[in-house]
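>>> Turn this into a structure:
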Amino acid sequence: MFSDSQTKRKDWSKIMAKNFICTTKGPIVQTKAGKIRGYQTDDMYAFKGIKYATAERFMQPVPVEPWEGVVDALGFGHVAPLLGENSPNMDLLIPHRFWPESEDCLSLNVWTTNPDPSAKKAVMVWLHGGGYSAGSSIEMIAYDGDNLARYGDVVIVTVNHRLNILGYLDLSSYGDKYWNSGNAGNADLVEALKWVNANISNFGGDPGNVTIFGQSGGGGKVINLVQTPAADGLFQRGIMMSGGAGRRRSTDRYDREIVDALLKELGESDVNSLETVEWDDLKRAVNKITSSFAEQGLRLGMLWAPVQNDWYAGSPWDVGYTEHAKTVPLMIGSVIAELGFMANIPDKNEVSVEKRRELIAGKFGEEVADELIAEWKKAFPCKNELGIMPASNRMGTLEFIEKRANDCDAPVFSYLFTYEFPYDGGMPAWHCADIPYAFHNMDRVDICNEPGVSDALQDAYFGAYVAFAKTGDPNGAGLANWPAYTAAEPYTMFFDKVSEAGKDRDLAFQKVHETVAGDPFAAMQRRNIKITF
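Now for the predicted structure:
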């Protein structure tokens, strides 16, 4: 128990009620399909669970049918069906929320401070993470868009779309009606962007000033959409956070093997039966065959990805950039320890210098330990060298950024989020750790708070995102000068207690580190594996 002297009593007299408005008369916004009603809290208008399209299983999405009267948009819609089972996990590091699932999941959410066409605010469309197999627009508490809309003076949209086998199973070899089933999930995103283009002005947004941004799998979806001609002109710039950038990934597909295994497991012989089998049965079958794939070296969840065809141009590593893609400004970055929560050393500042070297040599090899430590200290002079242990190599991301700079006219801005959180004596930023700062939501994620530090960090990070969304340039008030990345001037912004740009600052460390650590995500895929059942 804490005594009164050890804790502060809440001053209840300073807690003010919010002004909540939701009546039969509004707030109501007209969309192309019909009127929708949201609600207002103080200066913030929220419209949730707006259906932007419908789709039959494996088929392309179509716009919603017009309706009469007013439809409520007062609560989040269903999320896409997932193959895994949700359970609390690492909620201190990444606070989650779980939500009902349904194949009727094509919905989006909008936050705005001024639903008036004359406002013409920049629009930011969030593409959630989870690879192409999991996640949702509301999976993380940090995804809530009200603070981003309020403090950034933008309109924020978050999108649900089909995932895993429902969004990315390529059945095109089984008939023309399945011609783009392998891109169904991304086709949903294009349909959502069409909805934004047609309707966002009535929410105060400018349809000619749209930025798509996403983390992890959402970052991959950003570059997919950049390479999708059907999306040309529906957005003007993109931000890729901790995903989608890196070295060429395997293009091997195992769709027919998956289908054969599913039909066998379901006791069916006709591929068309997959359209109507109950989701619970299909899910059980997919999860049953997953172990067979794993035994042969493939993680089934990592196989879900868009399919190169006439609709999707393909990865720029494989096909180069489309002419339109070359004109889209990008901001690309990662965090210092993507998988750091798996390898962080608690209380590392209490470990002796001799023991630090011993630990590093034990993990990476005696022959490279001193060079690793020396280059780390040059790149991050204020950080404990045990930060090398959980650090993720980013050479693949840097190569992607350099390729982008060399191949395209539009600017590309590179960043690395290097902040250490006040947990276990200093925990380097892990996969998803930077999201609350981008959304101005650090107050909703306890671990993101450090007095005298977090506010400035959030101002810098969030400010760069908003400035880039508005102008295509992340430079703005409160941020040190951040030049675009070029082959001749390879600048990266390092976001930390003090955020500043450096030229090739950590390149030498990354090159040495790569020889012993490699790409943190490369092991998730394998090439040229023959699947048998």
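
>>> Skipping its backbone neighbours, what lies nearest residue 386 in space?
Nearest non-adjacent residue to residue 386, counting by Cβ to Cβ, 6 or more residues apart in numbering: residue 348, 4.1 Å away. (Each C-beta comes from the backbone N, C-alpha and C, glycine too.)

>>> Report pLDDT for the one you found.
pLDDT recorded at residue 348 is 95.

>>> Same check on the one 3 residues further on?
We note a pLDDT of 97 for residue 351 in this prediction.

>>> shouldn't the residue nearest to residue 386 be in contact with residue 428?
No: counting by Cβ atoms under 8 Å, residue 348 does not reach residue 428; the two are 9.9 Å apart.

>>> more neighbours, those two?
The neighbour comparison of residue 348 against residue 428 (other Cβ atoms under 10 Å) goes to residue 428, with 28 against 23.

>>> partners of that one in the sheet?
residue 420 (DSSP bridges).

>>> Now do the same for it: its pLDDT.
Looking at residue 428, the pLDDT reads 96.

>>> Spell out which residues sit in contact with the residue nearest to residue 386, please.
With contact set as Cβ atoms under 8 Å, 6 or more residues apart in numbering, residue 348 has these partners: 356, 384, 386-387, 425-426.

>>> buried set for the top strand by length along the chain?
Secondary structure of the chain per DSSP state E: the longest strand is strand 205-215. Buried residues in strand 205-215, counted by 16 or more other Cβ atoms under 10 Å: 205-207, 209-215.

>>> could you point out which element follows that strand?
Remark: after strand 205-215, the chain's next helix or strand is helix 217-226, criterion DSSP states H and E.

>>> could you measure residue 471 against residue 154, distance?
To residue 154, residue 471 is 12 Å away according to Cβ to Cβ, to the nearest Å.

>>> the more surrounded of those two?
The neighbour comparison of residue 471 against residue 154 (other Cβ under 10 Å) goes to residue 154, with 26 against 14.

>>> any idea of the mean pLDDT for stretch 492-505?
Stretch 492-505 comes out at a mean pLDDT of 97.

>>> Dig out what the residue nearest to residue 38 when sequence neighbours are not counted forms beta bridges with.
Among residues not flanking residue 38 along the chain, residue 47 sits closest, at 3.7 Å (Cβ to Cβ, 6+ apart). On the basis of DSSP bridges, residue 47 is bridged to residue 110.

>>> List the contacts of the spatially most central residue of the chain.
Nearest residue to the geometric centre of the chain (Cα atoms, centre = their mean): residue 215, 1.9 Å. Listed by Cβ under 8 Å, 6+ apart, the contact set of residue 215 reads 128-129, 241-243, 432, 434-435.

>>> Quick check: the two most widely separated of those residues?
Farthest pair in the contacts of residue 215 (Cβ to Cβ) is 128 and 434. Separation: 14.7 Å.

>>> so where is the chain shaky, pLDDT-wise?
Within the chain, the ranges that satisfy pLDDT under 70 run 1-14, 301, 520-533.

>>> Pop the domain breakdown of it in here.
Following automatic domain parsing, the chain resolves into domains at 38-87+94-249+308-327, 333-523.

>>> Redo the ones you listed as JSON lines? Include distance to residue 294.
JSON lines is the format used below for those (distance: least, Cβ to Cβ, whole Å):
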{"stretch": "domain 38-87+94-249+308-327", "distance to residue 294": "13"}
{"stretch": "domain 333-523", "distance to residue 294": "13"}
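
>>> Could you say which of those domains is packed most deeply?
domain 38-87+94-249+308-327 (a mean of 21; mean count of other Cβ atoms under 10 Å).

>>> Now do the end-to-end distance for that domain.
End-to-end distance for domain 38-87+94-249+308-327, by Cα to Cα, to the nearest Å: 36 Å.

>>> Check stretch 413-433 too.
One end of stretch 413-433 sits 20 Å from the other (Cα to Cα).

>>> Kindly report the same for stretch 357-373.
End-to-end distance (Cα to Cα), stretch 357-373: 8 Å.

>>> Show residues contacting it.
345, 351, 356, 385-386, 388-389, 509, 512-513, 515-517.
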